[in-house]
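predicted model and sequence follow; I will ask about them next.
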Amino acid sequence: MSLRLFKIVWVVTRHRLDTLIPAERLPLWMRLLLKLSPLQLVPVGQRSRGERLRLALEALGPIFIKFGQMLSTRRDLLPENIADELKRLQDQVPPFPGELAAARVEKELEMTLPEAFAAFDRVPLASASIAQVHAATLHSGEDVVVKIIRPGIDRIMRQDMGLMYQVAKLLAKVPEARRLRPVEVIRDYEATLFDELDLYKEAANTSQLKRNFKDSPLLFVPTIYWPYTRRHVMVQERIRGVPVADLETLIARGTNLKKLAERGVEIFFTQVFRDNFFHADMHPGNIFVNCDDPDDPQYIAIDCGIVGSLTREDQDYLARNLLAFFHQDYYEVAALHIESGWVGENTRANEFAAAIRTVCEPILEKPLKDISFGQVLLGLFQTARRFNMEVQPQLVLLQKTLLNIEGLGRQLYPDLDLWSTAKPYLEKWMKERAGIGGLWESLKRQAPELSHQLPELPVLAHQALSRMEHEHRQRHQQVTAISQMRRQMSQQGKRQHRLRIGLALVAIALAWQPLSSWAATQDWPILAAAGAGLILLLWH
């Protein structure tokens, strides 16, 4: 662990990543600390800051490369030269040797390359943070690609995750950061990241996504060849398309970019709400476009290693929240957050609604080029700090995917109005979910279970009635016992009261002679006071 930490510090120092920090925005003491830092002794070199950042992320490994991939889609948050460099992380990560790739394929498939493939290109088609792909041809004639996990990558990832856990645990001790639930977020990220190391899971995800969009004009998903798929090797149909980030080619082919951008939004909402199964790694390196018909472009999705899903409750709350945002009903947004437990139940809805309105009102009803979800999320986090809203780990993947969709839409068609594109779809989904059709579909889904339970209904009803009768008898016995206890307590109180009076009378009788002699010598005020005290004593 200490060696890995030393490497991270060394890479940051060697590439002088401290120069990326906007020193003018820092407090004076931090500016002085940077000025006096030993980092100033290391030369910056001739490389641009974007290139130095890209090389540093490549040197640090897959977790950092994936972070750079996500940043590369946010050109509204990054300078142009840095975004261009980070874009190269999507499919231009330095490859590992082709001989090593061939050896791993033979080991996983337990056969030689000539036995498995009619042809295998040892030069990779593309290389990413966790795996790289090689072109091949099956003996049956199909063109395929072979995806191979990088050797030794799991060891590096475990070291990085260990460091991230240590940082998260430190953050969890800070009250301001505790509401972000850093340990839970890292745990969820770890699970999804390590899922990418098992290509059986990616192959299964790809097959599921293909079934969901079978014969759809919106999205094409390549076929998996299961006989040639193993935990560290996967073979799938080779696709022919234009990378979605290659705008020049898309424009040259006359692609309808407005329709393409709108279809991207529709695909996202279809996956999240209709299928509850969404591709959660939708950076441009994983998306291509079929431009055979430029007026009817179709997306092509690959690399389904990370997918997400929501509970039925989260789906409903998310859809209702988005519709409330679209209708600018901020009180409904606040009420839904309170109802779902995302903020404390003691939160006043009107105050929370006013805070949300302040953040969201300026950005609604604008084209996508004028809206930054990154800025909106930042504003909402600042607002949430006042109301102790916690990060929902189950929604982190969805938020990441939404940011990727925004970055993609911004590149394709900056004038896209995300709100007007998504609103009709959500309204239709909610109507289907809550209407007669949704009820009928729910009954059909539950029909097998209901048919299994139907013969048992008389027995279940008899058991329920027996339980109710037993509980009624128990309640009656409890009421009777309580009433008897109250009568006993009342009788005991009366006996104690009579006992006190009797003792007082006995005491007066025994003391009457000295008391009468004492009373004959006293004035009337003293006698009146003594009489009043005796009356009060007897009354108590």
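Structure's in. What do you need?

pretty sure Q236 is in a strand, no?
Yes. Remark: Q236 belongs to a strand, assigned using DSSP: H, G, I helix; E, B strand; the rest coil.

what residues are bridge-paired with it?
Using DSSP bridges, the bridge partners assigned to Q236 are V145, I224.

thought it was touching V221?
No. Counting by CB atoms under 8 Å, Q236 does not reach V221; the two are 9.3 Å apart. The way it works is simple: take the backbone N, C-alpha and C, and place the C-beta from them, glycine included.

hey, what's in contact with both of the two?
Common neighbours of Q236 and V221, using CB atoms under 8 Å, 6 or more residues apart in numbering, are T206.

can you count the residues close to L193?
By other CB atoms under 10 Å, 19 other residues sit near L193.

which residues touch it?
So L193 contacts 62-63, 66, 157, 161, 306 (CB under 8 Å, 6+ apart).

try F220
So F220 contacts 213, 239, 290, 298-301 (CB under 8 Å, 6+ apart).

can you read off the pLDDT for it?
For F220, the pLDDT comes out at 96.

where's it relative to P151, distance?
Separation of F220 from P151 (CB to CB, to the nearest Å) stands at 31 Å.

just R104 next, same as before
6 Å.

more neighbours, those two?
R104 (19 against 14).

if we ignore the residues flanking it in sequence, what's nearest that one?
When the adjacent residues along the chain are set aside, R104 lies closest to I148, with 5.6 Å between them (CB to CB, 6 or more residues apart in numbering).

neighbours of the one you found, how many?
I148: 24 neighbours (other CB under 10 Å).

can you confirm it is in a strand?
Yes. Remark: I148 belongs to a strand, assigned using three-state DSSP.

how about it, what does it touch?
101, 104-105, 131-134, 232-233.

ok so, going back, okay, the contacts of L193 in CSV with distance to E266 and neighbour count next?
Output for the contacts of L193, formatted as CSV (distance: CB to CB, whole Å; neighbours: other CB atoms under 10 Å):
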residue, distance to E266, neighbour count
P62, 31, 23
I63, 32, 20
K66, 26, 21
M157, 34, 21
M161, 35, 18
I306, 21, 24
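
now the residues you listed as TSV including pLDDT, secondary structure and distance to L32?
Shown next, in TSV, are these (pLDDT from 0 to 100; DSSP: H, G, I helix; E, B strand; the rest coil; distance: CB to CB, whole Å):
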residue	pLDDT	secondary structure	distance to L32
P62	73	helix	36
I63	73	helix	32
K66	72	helix	35
M157	80	helix	37
M161	80	helix	34
I306	83	coil	42
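
of those residues, just say which sits nearest to A252.
Of all those, K66 has the smallest distance to A252: 30.9 Å, by CB to CB.

measure the residue lying closest to that closest one once chain neighbours are set aside to D246 for me?
Nearest residue to K66 in three dimensions, chain neighbours excluded: S129, at 5.7 Å (CB to CB, 6+ apart). Distance from S129 to D246, counting by CB to CB: 21 Å.

same thing with Y425?
Distance, Y425 to D246, by CB to CB: 28 Å.

more neighbours: which of the two?
Remark: of Y425 and D246, Y425 carries more neighbours, 17 against 14, as counted by other CB under 10 Å.

could you check how far the residue nearest to K66 is from T223?
From S129 across to T223, the span is 25 Å (CB to CB).

again, but for Q40
Q40 is 56 Å from T223, by CB to CB.

now swap in F269 and tell me
For F269, the distance to T223 - CB to CB - is 25 Å.

out of the contacts of F220, which sit inside helices?
Among these, none falls in helices (DSSP state H).

what about A135, which SS state?
The three-state label given to A135 by three-state DSSP is strand.

just give me the neighbour total for it.
17.

hmm, it is touching V145, no?
Yes. Contact status for A135 versus V145: in contact at 6.0 Å, counting by CB under 8 Å.

now the common contact residues for the two.
Common neighbours of A135 and V145 (CB under 8 Å, 6+ apart) are 125, 238.

lowest-pLDDT helix or strand in the chain?
In the chain, no helix or strand scores lower on mean pLDDT, DSSP states H and E than helix 436-453, which sits at a mean of 56.

following element in sequence after that one, please.
The element immediately downstream of helix 436-453 (helix or strand, assigned by DSSP states H and E) is helix 457-510.

residue boundaries of the strands in the stretch 251-400 of the chain?
278-279, 287-290, 298-301, 307-308 (DSSP state E, counting those that start in this stretch).

so which of the ones you listed is nearest L408?
That would be, of the strands of the stretch 251-400 of the chain and by CB to CB, strand 287-290, which comes in at 7.1 Å.

dump that closest one to PDB, restricted to CA.
Only the C-alpha atoms of strand 287-290 are listed here, as PDB (Å, rounded to 0.1, in the frame of the first residue of the first chain):
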ATOM      1  CA  ILE A 287     -20.800   4.400 -28.600                       C
ATOM      2  CA  PHE A 288     -20.900   4.300 -32.400                       C
ATOM      3  CA  VAL A 289     -23.400   5.400 -35.000                       C
ATOM      4  CA  ASN A 290     -24.800   3.500 -37.900                       C
END
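
how about residues contacting that strand?
For strand 287-290, the external contacting residues (CB under 8 Å, 6+ apart) are 220, 239-244, 250, 255, 260, 297-302, 408.

now do the helices in the stretch 51-200 of the chain.
Per DSSP state H, counting those that start in this stretch, the stretch 51-200 of the chain carries helices over the ranges 62-72, 80-87, 98-109, 113-116, 153-172, 175-178, 182-195, 199-212.

present those helices as TSV; the columns should include distance to R473.
Shown next, in TSV, are these (distance: least, CB to CB, whole Å):
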stretch	distance to R473
helix 62-72	63
helix 80-87	73
helix 98-109	68
helix 113-116	74
helix 153-172	51
helix 175-178	50
helix 182-195	47
helix 199-212	53
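
most packed of those?
helix 62-72 (a mean of 21; mean count of other CB atoms under 10 Å).

okay, the angle between that one and helix 80-87?
On the basis of axes from the mean of the first three to the mean of the last three CA atoms, to 10 degrees, helix 62-72 is oriented at 130 degrees to helix 80-87.

helices or strands up against helix 62-72?
helix 49-60, helix 80-87, helix 153-172, helix 182-195, helix 396-412 (3 or more CB pairs under 8 Å, 6 or more residues apart in numbering; DSSP states H and E).

make CSV from these and add distance to A354 to it.
Formatted as CSV, those follow (distance: least, CB to CB, whole Å):
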stretch, distance to A354
helix 49-60, 40
helix 80-87, 36
helix 153-172, 29
helix 182-195, 28
helix 396-412, 24
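
returning to that earlier point: and which of the contacts of I148 is nearest to A172?
Nearest to A172 among these: A131, at 32.5 Å, using CB to CB.

show me what contacts that closest one?
Counting by CB under 8 Å, 6+ apart, A131 makes contact with 147-150, 196, 199.

farthest pair in those?
Counting by CB to CB, the most remote pair of those is I148 and E196, 12.9 Å apart.

so, low pLDDT: which residues of the stretch 101-250 of the chain?
Within the stretch 101-250 of the chain, the segments meeting pLDDT under 70 span 171, 174-181, 185, 189.

what about the stretch 251-400 of the chain, any weak spots by pLDDT?
Ranges of the stretch 251-400 of the chain meeting pLDDT under 70: 341-342, 344-345, 363-369, 371-382, 384-385, 388-396.

now do the helices in it.
257-269, 312-326, 330-340, 349-360, 373-387, 396-412.
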